[in-house]
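When you get a sec, could you give me coordinates for this:
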Amino acid sequence: MKTLYWVARSLARSTFSATGGAIEIVGGEKRIHHGSAIIAANHTSYLDPPIVAASYDTPVAFLARKTLFRKFGAWLYPRLNAFPIDRDHADLQTIKTILRKLRNGERVMMFPEGTRSGDGQLTNAKPGIGMLVAKSGVPVQPVHISGAYESFPKGGKFNPQRIVVRVGDPVVFNPTDLKEKSREAYQRIADQMMAAIAALGQEGRQKE
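Okay, here's the model as predicted:
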């Protein structure tokens, strides 16, 4: 299973390099390569999961919509370290799977927005990821991806551009929000994650 993951990761890196869309990592020394962590990134393209996977030196698990886990996909996606999620009805089994992976010391990539942005801009976070943060107690590393939307937007064609992955320090949440079991507290946690991702993006624009 791990062999196919690393083959796919290497293929993703070489494909970007060969087509002129090399991946640049800013803040690479901050990456959490070992131990449990949620890697929270903005989501604008199908390319986001392989981009993040190619940016870390240890395996990163990610969620994919359950409709992909059919026929050949049922064999392929688990070997790419992906596991299914029902986006319309987030079920208890998915939540348990995420928490189990985190408790087993894995890094799980999640998109606080829930789905891809249609225009490349950040959208609002969903409270569900805030609940997972509160229940797991693991570090949350914000990541901002730029260039993925321009390379392969939703409904568009593949046109590789320069990709920049900015990695931030783990988010420090309000202890009260982490203890309070309410939708409002989970939303505040999720919003704080998106604010950290947005700050990384703003930092990148200021340096360009």
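
did I read that right, residue 34 in a helix?
No: checked against DSSP: H, G, I helix; E, B strand; the rest coil, residue 34 lies outside a helix; its state is coil.

If we ignore the residues flanking it in sequence, what's nearest it?
Sequence neighbours aside, residue 58 is the residue nearest to residue 34 in space, at 6.4 Å (criterion: Cβ to Cβ, 6 or more residues apart in numbering). Heads up, the C-betas are built off the backbone N, CA and C, glycines and all.

Okay, helices next: where are they in this structure?
Applying DSSP state H to the chain gives helices spanning 2-18, 48-55, 72-79, 92-103, 127-136, 148-151, 175-179, 183-207.

Count the residues that sit near residue 8.
Applying other Cβ atoms under 10 Å, we find 17 residues neighbouring residue 8.

ugh, typo on my part, it should be residue 101
Applying other Cβ under 10 Å, we find 17 residues neighbouring residue 101.

re earlier: next, count neighbours for the residue nearest to residue 34.
11.

helices or strands up against the helix-or-strand element of the chain with minimal mean pLDDT?
The helix or strand of the chain with the lowest confidence, counting by mean pLDDT, DSSP states H and E, is helix 2-18 at a mean of 82. Here helix 2-18 touches helix 48-55, going by 3 or more Cβ pairs under 8 Å, 6 or more residues apart in numbering; DSSP states H and E.

before we move on, back to that, now tell me what touches the least confident helix or strand of the chain from outside.
With contacts defined as Cβ atoms under 8 Å, 6 or more residues apart in numbering, helix 2-18 is touched by 22, 23, 50, 51, 53, 54, 59, 79, 80, 81, 160, 163.

Can you turn the buried part of the residues you listed into a ChimeraX selection?
Here is the ChimeraX command that selects the buried residues among those (16 or more other Cβ atoms under 10 Å):
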select :23,50,51,53,54,59,80,81,160,163
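
got the contacts of helix 2-18 as JSON lines, with pLDDT and distance to residue 35 columns?
As requested, the contacts of helix 2-18 are arranged in JSON lines below (pLDDT from 0 to 100; distance: Cβ to Cβ, whole Å):
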{"residue": "22", "pLDDT": "79", "distance to residue 35": "28"}
{"residue": "23", "pLDDT": "88", "distance to residue 35": "23"}
{"residue": "50", "pLDDT": "91", "distance to residue 35": "23"}
{"residue": "51", "pLDDT": "93", "distance to residue 35": "22"}
{"residue": "53", "pLDDT": "91", "distance to residue 35": "17"}
{"residue": "54", "pLDDT": "91", "distance to residue 35": "20"}
{"residue": "59", "pLDDT": "93", "distance to residue 35": "13"}
{"residue": "79", "pLDDT": "90", "distance to residue 35": "23"}
{"residue": "80", "pLDDT": "90", "distance to residue 35": "22"}
{"residue": "81", "pLDDT": "91", "distance to residue 35": "16"}
{"residue": "160", "pLDDT": "83", "distance to residue 35": "33"}
{"residue": "163", "pLDDT": "92", "distance to residue 35": "26"}
